[in-house]
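Participant: Sequence and predicted structure below; questions after.
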Amino acid sequence: YSRYQLRIAARARELVDQGTPVEAACRIVILEDQLEEAQCINAEYRRTASRPKAGT
């Protein structure tokens, strides 16, 4: 397994250990992962938008 997969599995296990049903824990992990990806994309857009435009 990759480190990413192990991290995801550990997070799901953490939620289940806290009493979250398995199905809900899986959904939470998926949503957290999607949120992290969206935040990375937004950060890249911000970096791109803040760069001076060539020729201006």
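Facilitator: That came through fine. Numbers count the residues shown, from 1 in each chain.
Participant: Grab the longest helix from this protein for me.
Facilitator: With secondary structure taken from DSSP state H, the chain has its longest helix at helix 22-50.
Participant: average pLDDT for it?
Facilitator: Averaged across helix 22-50, the pLDDT comes to 96.
Participant: what helix or strand is Gly19 on?
Facilitator: For Gly19, there is no host helix or strand (DSSP states H and E).
Participant: Kindly give the local confidence score, pLDDT, for it.
Facilitator: 98.
Participant: ok, it to Ala25 distance?
Facilitator: From Gly19 across to Ala25, the span is 10 Å (C-beta to C-beta, to the nearest Å). Glycine gets a C-beta too; all of them are placed from N, C-alpha and C.
Participant: now Leu31
Facilitator: Between Leu31 and Ala25 the computed distance is 11 Å (C-beta to C-beta).
Participant: With neighbour numbers in mind, choose between these two.
Facilitator: Ala25 (19 against 10; other C-beta atoms under 10 Å).
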